[in-house]
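Colleague: Sequence below, structure please.
(one chain, ligands or ions: 3)
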Amino acid sequence: MNIFKFGGASVKDATSVKNLAKVLKHEEVNDTLVIISAMGKMTNAFEKIVTAYLNKTSDLGKSIESVKSFHKTILESLFENNNHSAFLTVEGLFKQLTHFLKENKSADYNFVYDQIVPYGEMLSTKIVSEYLLDIGVENNWLDVRKFIKTDSNHRDAKVDWELTENQITQNIDTSKLNITQGFVGGNEKITTTLGREGSDFTAALFAYCLNAESVTIWKDVDGVLNADPRKFNDPILLNQISYKEAIEMAFYGASVIHPKTLKPLENKLIPLKVRSFENLNSKGTVVYKGEDIVPKVPCFIQKENQILVSISALDFSFILEHNLSDIFQHLHKFKLKVNLIQNSALSFSMCIEDRFNTFEDFYNTIRSRFKMAYNKNVTLYTIRHFDATSKSKIENNNKVLLRQTSRETVQIVIE
Ligand code: ADP
Ligand code: ASP
Ligand code: MG
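Modeller: Ligands and ions are numbered 1, 2, ... in the order given. Presented below is the predicted three-dimensional model:
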């Protein structure tokens, strides 16, 4: 059996949902498990609801209405009959959401987030499943919370592999077409999420547990390109990359594949295909063992909105192991992601990502013990398989704040 994953862009409107059905028919899926993300930018929209709800701002009603009307528009163009059960299903989900908002007593952002944002995935999978049934494509809708079992670390839940494997292998009929949600998990009691863009990881989890033949991630691009097409002109399609190369790319922040996706697939040698849902004749990219990268071209990864921090001791002594340990404990505590580190005699620099808005707290905690300077809003470029031309493409006309080079990779921080 195979695993398909469809991201937000592949279900962004009614036409896309119809196209998804076309893809399934074209690929002649029977024994396939399909994982779907929230429609279009709905995860962002639900995040707005969370913020408005917790901050008790006046736009809460408006935020909910806009999400409702987005889904209603899609329903209306998918189903001619206004009495179709899909309308009731969607209404039921919004009722559940309203009920939660009314009854909830918790002010914990991460907990509340995990109870609200997964509605995006619940809605999209219900709509797609109902649409497929409507056009005669039999399928089973599955509630992923019964299968992907996690701890209670909200918004970044860790998977309990053993429990998850048991649930999946014992309760899924793999001879059927199954439809379920990405990104979402559950513990005994409550809904959790695996982190933004986590649906790719969901696909890998199911593939691993079911010993799938392959995973296909369907995208609005031809496959994995050597650069983000939104930021670079004329990116080149990579036909083949090794797991190791893909892990490196994801590690450095290539957003096309979620970093946690690759290891489970590599462990069982399950190929990962990245294909275009718009261009079914294109073979896309295959991630498998073997050659690092075909064709061998430099690959660019751009991470914006980084903070370049430079730390030195108050008494101008060296930054040594005990200082580093202190600094890293706090980075961990404040969930700051370090994307680059460089140590010199008197200072220690790092490029960090403030994912949870905790940088100020980190700064205030550390600054009594260290001297600290920082530049906000810098961009970190990583070039894999770099050469002189690719390097100067980034460095020319930009102010380079820091550069770090290894055999295959150069990282450049630009103001
Ligand atoms: P999904 O709908 O699966 O969540 P995303 O929007 O997260 O898809 O990712 C697809 C987008 O990623 C593409 O539209 C493309 O603009 C962008 N992207 C960034 N880097 C790359 C890359 N190296 N190769 C292909 N696409 C990339
Ligand atoms: N819908 C979630 C997000 O946008 C998960 C995903 O699409 O992978 O982050
Ligand atoms: Mg995505």
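Colleague: closest point of the stretch 301-415 of the chain to ligand 1, which residue?
Modeller: At 7.4 Å from ligand 1, residue 301 is the closest residue in the stretch 301-415 of the chain, using C-beta to the nearest ligand atom. For the C-beta atoms, the positions are set from N, CA and C on the backbone; glycine is no exception.
Colleague: So which residues of the stretch 201-350 of the chain form strands?
Modeller: Along the stretch 201-350 of the chain, counting by DSSP state E, counting those that start in this stretch, strands occupy 214-219, 240-242, 272-276, 285-288, 293-294, 299-313, 337-343, 348-353.
Colleague: what separates the residue most central in space within the chain from ligand 1, distance-wise?
Modeller: The centroid of the chain falls nearest to residue 197 when counting by C-alpha atoms, centre = their mean (1.4 Å). Separation of residue 197 from ligand 1 (C-beta to the nearest ligand atom, to the nearest Å) stands at 6 Å.
Colleague: on that earlier part again, can you add mean pLDDT, distance to ligand 2 and mean neighbour count and give the strands of the stretch 201-350 of the chain back as TSV?
Modeller: Output for the strands of the stretch 201-350 of the chain, formatted as TSV (pLDDT from 0 to 100; distance: least, C-beta to the nearest ligand atom, whole Å; neighbours: other C-beta atoms under 10 Å):
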stretch	mean pLDDT	distance to ligand 2	mean neighbour count
strand 214-219	97	10	24
strand 240-242	96	20	21
strand 272-276	97	14	22
strand 285-288	97	17	24
strand 293-294	96	25	19
strand 299-313	94	17	20
strand 337-343	93	16	16
strand 348-353	95	16	21
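Colleague: Run through the residues that contact the closest residue to residue 74 other than its chain neighbours.
Modeller: Leaving aside its sequence neighbours, residue 74 sits nearest to residue 14 (C-beta to C-beta, 6 or more residues apart in numbering; 4.9 Å). The contact partners of residue 14, taken as C-beta atoms under 8 Å, 6 or more residues apart in numbering, are 73-74, 77-78.
Colleague: go on, residue 106?
Modeller: Residue 106 sits next to residue 112 when contact means C-beta under 8 Å, 6+ apart.
Colleague: Residue in the stretch 51-200 of the chain with the shortest distance to ligand 3?
Modeller: Relative to ligand 3, the nearest point of the stretch 51-200 of the chain is residue 197 (4.7 Å; C-beta to the ion).
Colleague: Verify the contact between residue 24 and residue 34 for me.
Modeller: Yes: assessed by C-beta atoms under 8 Å, residue 24 is found in contact with residue 34 at 7.3 Å.
Colleague: Which neighbours do these two have in common?
Modeller: Contacts common to residue 24 and residue 34, judged by C-beta under 8 Å, 6+ apart, are 4, 177.
Colleague: and the stretch 101-250 of the chain, which residues reach ligand 2?
Modeller: Within the stretch 101-250 of the chain, the positions lying close to ligand 2 (C-beta under 6 Å from any ligand atom) are 120, 182-183, 196-199.
Colleague: how far away is the closest residue to residue 342 other than its chain neighbours from residue 95?
Modeller: Of all residues not flanking residue 342 in the chain, residue 349 sits nearest, at 4.7 Å (C-beta to C-beta, 6+ apart). Using C-beta to C-beta, to the nearest Å, residue 349 is found at 52 Å from residue 95.
Colleague: same question, residue 14
Modeller: Taken as C-beta to C-beta, the span from residue 14 to residue 95 is 23 Å.
Colleague: for the contacts of residue 14, which one is nearest residue 356?
Modeller: Nearest to residue 356, judged by C-beta to C-beta, of the contacts of residue 14 is residue 74 at 31.8 Å.
Colleague: follow-up on the earlier one: compare the contacts of residue 14 and tell me which is most surrounded.
Modeller: Greatest neighbour count in the contacts of residue 14, by other C-beta atoms under 10 Å, goes to residue 74: 25 neighbours.
Colleague: May I have the secondary structure class of that residue?
Modeller: helix (DSSP: H, G, I helix; E, B strand; the rest coil).
Colleague: Residue 24 and residue 34: who's more crowded?
Modeller: residue 34 (27 against 21).
Colleague: Look up which helix or strand that one falls in, please.
Modeller: For residue 34, the element it lies in under DSSP states H and E is strand 32-36.
Colleague: Pull up the pairing partners for that strand, direction included.
Modeller: Within its sheet, and counting by DSSP bridges, strand 32-36 is paired with strand 2-6 (parallel), strand 178-181 (parallel).
Colleague: Turn those strands into TSV, including mean neighbour count and mean pLDDT.
Modeller: TSV is the format used below for those (neighbours: other C-beta atoms under 10 Å; pLDDT from 0 to 100):
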stretch	mean neighbour count	mean pLDDT
strand 2-6	26	98
strand 178-181	24	98
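Colleague: could the ones you listed go into CSV alongside distance to residue 29?
Modeller: As requested, the strands paired with strand 32-36 are exported to CSV (distance: least, C-beta to C-beta, whole Å):
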stretch, distance to residue 29
strand 2-6, 7
strand 178-181, 10
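Colleague: Once you drop chain neighbours, what's closest to residue 316?
Modeller: In space, and not counting its chain neighbours, residue 316 is closest to residue 346: 6.4 Å by C-beta to C-beta, 6+ apart.
Colleague: residue contacts, the one you found?
Modeller: With C-beta under 8 Å, 6+ apart, residue 346 has these contacts: 312-313, 316, 318-319.
Colleague: Same list (the residues you listed) but as TSV, adding distance to residue 386.
Modeller: Below are those laid out as TSV (distance: C-beta to C-beta, whole Å):
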residue	distance to residue 386
312	30
313	34
316	35
318	31
319	28
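Colleague: which one of the residues you listed sits closest to residue 89?
Modeller: Taking C-beta to C-beta as the measure, residue 89 sits nearest to residue 319 out of the contacts of residue 346, at 57.5 Å.
Colleague: how close does the closest residue to the closest one other than its chain neighbours get to residue 371?
Modeller: Excluding the flanking residues, the one nearest residue 319 by C-beta to C-beta, 6+ apart is residue 348, at 4.5 Å. Residue 348 is 11 Å from residue 371, where distance means C-beta to C-beta.
Colleague: what's the answer for residue 336, then?
Modeller: Applying C-beta to C-beta, the value for residue 336 to residue 371 is 18 Å.
Colleague: When these two are compared, which one has more neighbours?
Modeller: Neighbours per residue, other C-beta under 10 Å: of residue 336 and residue 371, the larger number sits with residue 336, 21 against 15.
Colleague: Is it correct that that one is in contact with residue 358?
Modeller: Yes: taking contacts as C-beta under 8 Å, residue 336 lies within contact range of residue 358: 6.4 Å.
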